[in-house]
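Trainee: Let's see this in three dimensions:
(one chain, ligands or ions: 2)
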Amino acid sequence: FSVTKRDTTPYEGQKPGTSGLRKKVTVFQQPHYLANFVQSTFNALPADQVKGATIVVSGDGRYFSKDAVQIIAKMAAANGVRRVWVGQDSLLSTPAVSAIICERISADGAKATGAFILTASHNPGGPTEDFGIKYNMENGGPAPESVTDKIFSNTKTITEYLIAEDLPDVDISVTGVTSFTGPEGPFDVDVFDSATDYIKLMKTIFDFESIKKLLASPKFSFCFDGLHGVAGAYAKRIFVDELGASESSLLNCVPKEDFGGGHPDPNLTYAKELVDRMGLGKTSNGEPPEFGAAADGDADRNMVLGKRFFVTPSDSVAIIAANAVQSIPYFASGLKGVARSMPTSAALDVVAKNLNLKFFEVPTGWKFFGNLMDAGMCSVCGEESFGTGSDHIREKDGIWAVLAWLSILAYKNKDNLGGDKLVTVEDIVLQHWGTYGRHYYTRYDYENVDAEAAKELMANLVKMQASLPDVNKSIKEIQPAVADVVSADEFEYKDPVDGSVSKHQGIRYLFGDGSRLVFRLSGTGSVGATIRIYIEQYEKDSSKTGRESSDALSPLVDVALKLSKIQEYTGRSAPTVIT
Ligand code: VG1
Ligand code: CO
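Mentor: Numbers count the residues shown, from 1 in each chain. Ligands and ions are numbered 1, 2, ... in the order given. Below is the predicted model of the structure:
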């Protein structure tokens, strides 16, 4: 093939958000739009991570992925990349990409130094919906802010990009290596099975035999909803072929370019079929399974449910951390530390304190966990946004979280599989609250609000922080029984490993009784602004941990909505999604 230099001009707004660049497909389909971003990324990387390098390109299979793979392969070839690794049909979950960077070795001993992950995660897909792209680094994790800032600045000045226009499209529906020769030497496109490497890794972490026994117990029943995302490419192989679950326990496990028209977000609103099956919906059809779970479009998020029981993601990471050493072979020698994102509830903090573990609070977004894990300071981490994971890779991992919960259930029931009644998901959570107390928690999302109004609302919340006496006076007028705010700030994080500082990472109001209100603007939307309000209240008294979450939180929710004047600013009388 030959190399063509193409003239181009910058597009505005190619700033990677919390997790990459996410825009409508139609935006990505504009001439040179994707190419500009890809070349800006190559130009932001050290030369040896481009020339002669091995780079992964794949994603959740959403609409436009197949076109994007071909464009990126042609650009990689032209930029001197030695080899591109592609999952069959361009499918690789975000955690599988991370695993491949960490683990996979080519026949000639090469490892990947990075990856273009093609996903907009939990955002809907299809010709009129979202596409996305992000770059992961040599450690398997999302590019840190220093790199994404450089990419963004490159997008603002780009004048040309390199592409091998005469490189033929590679058939990515079949596995195998296709080799080409360019001006600087050989270039390969290696298409491989999407699941093999990932399954191998999972087997080194979990005791598959004990999970298999649990699934085989007539008292246990299991259900997994892939929401037509890429998780389906792993679910059948792992849950059915390896662990013996029945095919009928899988819902929506055929990956589709438009996620079947759905919103591939594993929560109580969007994972409707699973929610109904688990006895938590409006309609019910028979006795629900003991365990249910779902993953998002790119399979890095997870939702865990028991029979008629919802596990909050903040509780989930705390419970995994509390039980990991006994239940999961990978952690048998102990946890190096634990971490959560700032808006995630403090349930994990209490576990860390009790078990005397190192603990870190980082800004929203998985990229902030990477340095801690690379430095051997953190084993298990999580976010309230249905993200849970560990240092086995550098991304959150939906299937891992399901296997972690199955491992805990298998451990708790190991001498009990023939008994009258199994220890259930609900039992495990109630036990946990009994020991550590309960963090009542909810998040209100106001999606696609006017961006200016959202900015003004946030600015006002910051301005109010100047006078806590005034804030407390307002709160007393709204809900006299709610505790006083004792401190308020904008969250700022100094990375303990490289010393980098991230400012303006969310507005916090901290109350005397441990309650918290947090306000943030989303960094993953593709149009308008999304305001997130995180509401949390700690209850230590075990006689009071069994309340309905919405009842327990209702005074604090009232304070959050009125203090922020959300209705005045946005004109919205209710959030779009409550999780
Ligand atoms: C959201 C979540 C955040 C998560 C991010 C990426 O970001 O709040 O916790 O890390 O999505 O998840 P934001 O900026 O919209 O609040 V995924 O599954 O989109 O890679
Ligand atoms: Co995701």
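Trainee: got the residues of the stretch 251-400 of the chain near ligand 2?
Mentor: Contact residues (Cβ under 5 Å from the ion) of the stretch 251-400 of the chain with ligand 2: Asp296, Asp298, Asp300, Arg301. (Each C-beta comes from the backbone N, C-alpha and C, glycine too.)
Trainee: Just the closest of those residues to Val501, please.
Mentor: Within those, proximity to Val501 (Cβ to Cβ) peaks at Asp300, which comes in at 26.2 Å.
Trainee: pretty sure the closest one is touching Ser93, no?
Mentor: Yes: using Cβ atoms under 8 Å, Asp300 is in contact with Ser93, at 6.9 Å.
Trainee: and the residues of the stretch 251-400 of the chain next to ligand 2, which two are the farthest apart?
Mentor: Using Cβ to Cβ, those span at most 8.1 Å, a distance reached by Asp298 and Arg301.
Trainee: Mind listing the shared neighbours of the two?
Mentor: Jointly contacting Asp298 and Arg301 under the rule Cβ atoms under 8 Å, 6 or more residues apart in numbering are Ser121.
Trainee: So which of the two has more stuff around it?
Mentor: The residue with more neighbours, out of Asp298 and Arg301, is Asp298; 32 against 29, by other Cβ atoms under 10 Å.
Trainee: What are the boundaries of the strands in the stretch 1-150 of the chain?
Mentor: In the stretch 1-150 of the chain, strands defined by DSSP state E, counting those that start in this stretch lie at 4-7, 21-24, 54-59, 83-87, 114-118, 130-136, listed in chain order.
Trainee: can you put those in JSON lines and add mean neighbour count and mean pLDDT?
Mentor: Converted to JSON lines, the strands of the stretch 1-150 of the chain look like this (neighbours: other Cβ atoms under 10 Å; pLDDT from 0 to 100):
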{"stretch": "strand 4-7", "mean neighbour count": "12", "mean pLDDT": "96"}
{"stretch": "strand 21-24", "mean neighbour count": "22", "mean pLDDT": "94"}
{"stretch": "strand 54-59", "mean neighbour count": "28", "mean pLDDT": "97"}
{"stretch": "strand 83-87", "mean neighbour count": "25", "mean pLDDT": "97"}
{"stretch": "strand 114-118", "mean neighbour count": "27", "mean pLDDT": "97"}
{"stretch": "strand 130-136", "mean neighbour count": "27", "mean pLDDT": "96"}
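Trainee: could those strands go into CSV alongside distance to Ala77?
Mentor: Converted to CSV, those look like this (distance: least, Cβ to Cβ, whole Å):
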stretch, distance to Ala77
strand 4-7, 11
strand 21-24, 22
strand 54-59, 11
strand 83-87, 8
strand 114-118, 14
strand 130-136, 18
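Trainee: Can I get these in TSV including distance to ligand 1?
Mentor: As requested, the strands of the stretch 1-150 of the chain are exported to TSV (distance: least, Cβ to the nearest ligand atom, whole Å):
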stretch	distance to ligand 1
strand 4-7	30
strand 21-24	8
strand 54-59	11
strand 83-87	17
strand 114-118	9
strand 130-136	8
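Trainee: TSV for those strands, including distance to ligand 2?
Mentor: Below are those laid out as TSV (distance: least, Cβ to the ion, whole Å):
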stretch	distance to ligand 2
strand 4-7	32
strand 21-24	11
strand 54-59	10
strand 83-87	16
strand 114-118	10
strand 130-136	10
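Trainee: sorry, back to before: what touches both of Asp300 and Ser93?
Mentor: With Cβ under 8 Å, 6+ apart, Asp300 and Ser93 have common neighbours Gly398.
Trainee: Which residues of this structure lie near ligand 1?
Mentor: Contact residues, the chain versus ligand 1 (Cβ under 6 Å from any ligand atom): 18-19, 121-122, 296, 300-301, 341, 364-366, 383, 385, 387, 522-524, 532.
Trainee: Mind checking which of these land in strands?
Mentor: Among those, DSSP state E puts Ser341, Glu383, Gly387, Arg532 in strands.
Trainee: ok, now which ones touch the first one?
Mentor: The one in question is Ser341. Going by Cβ under 8 Å, 6+ apart, Ser341 touches Glu361, Val362, Pro363, Thr364, Gly365, Phe368, Gly382, Glu383, Glu384, Ser385.
Trainee: Kindly state the beta-bridge partners for it.
Mentor: Val362 (DSSP bridges).
Trainee: where does Ser573 land in three-state SS?
Mentor: coil (DSSP: H, G, I helix; E, B strand; the rest coil).
Trainee: Now for the residue in the chain that ligand 2 sits nearest to, how many residues are close by?
Mentor: Ranked by Cβ to the ion, the top residue of the chain for proximity to ligand 2 is Ser121, at 3.2 Å. By the criterion of other Cβ under 10 Å, Ser121 has 26 neighbours.
Trainee: Distance check, it against Gly523.
Mentor: 12 Å (Cβ to Cβ, to the nearest Å).
Trainee: And for Ser502?
Mentor: Counting by Cβ to Cβ - Ser502 and Gly523 are separated by 12 Å.
Trainee: overlap in contacts of these two?
Mentor: Here Ser502 and Gly523 share no contacting residue, scored by Cβ under 8 Å, 6+ apart.
Trainee: Please identify which of the two sits among more neighbours.
Mentor: Neighbour count, other Cβ under 10 Å: between Ser502 and Gly523, Ser502 has more, with 18 against 15.
Trainee: Ramachandran coordinates for the residue nearest to that one when sequence neighbours are not counted?
Mentor: Distances taken as Cβ to Cβ, 6 or more residues apart in numbering place Tyr493 nearest to Ser502, at 4.7 Å, with adjacent residues excluded. When read as degrees, to the nearest 10, the backbone of Tyr493 gives phi -120, psi 130.
Trainee: OK, contacts around Tyr493?
Mentor: Residues in contact with Tyr493 (Cβ under 8 Å, 6+ apart) are Met342, Glu361, Val362, Pro363, Phe368, Val501, Ser502, Gln505.
Trainee: how does it look with 6 Å?
Mentor: For Tyr493, the contacting residues are Val362, Pro363, Ser502, Gln505, by Cβ atoms under 6 Å, 6 or more residues apart in numbering.
Trainee: so which helix or strand takes in the last one?
Mentor: Taking DSSP states H and E as the definition, Gln505 sits outside all helices and strands.
Trainee: Quick check: it touching Phe491?
Mentor: Yes: Gln505 lies in contact with Phe491 (Cβ atoms under 6 Å); the separation is 4.3 Å.
Trainee: What distance separates the opening and closing residues of stretch 237-248?
Mentor: The stretch stretch 237-248 measures 14 Å between its terminal residues, going by Cα to Cα, to the nearest Å.
Trainee: Tell me which residues are up against that stretch.
Mentor: With Cβ under 6 Å, 6+ apart as the test, stretch 237-248 has contacts from Ala195, Ile211, Lys212, Leu215, Ala216, Phe222, Phe224.
Trainee: from those, which two are the most distant?
Mentor: Pairwise distances across the contacts of stretch 237-248 (Cβ to Cβ) peak at 22.2 Å, for the pair Ala195 and Ala216.
Trainee: Apart from its chain neighbours, what residue comes closest to Thr157?
Mentor: Leaving out its chain neighbours, the residue that sits closest to Thr157 by Cβ to Cβ, 6+ apart is Pro10, at 6.5 Å.
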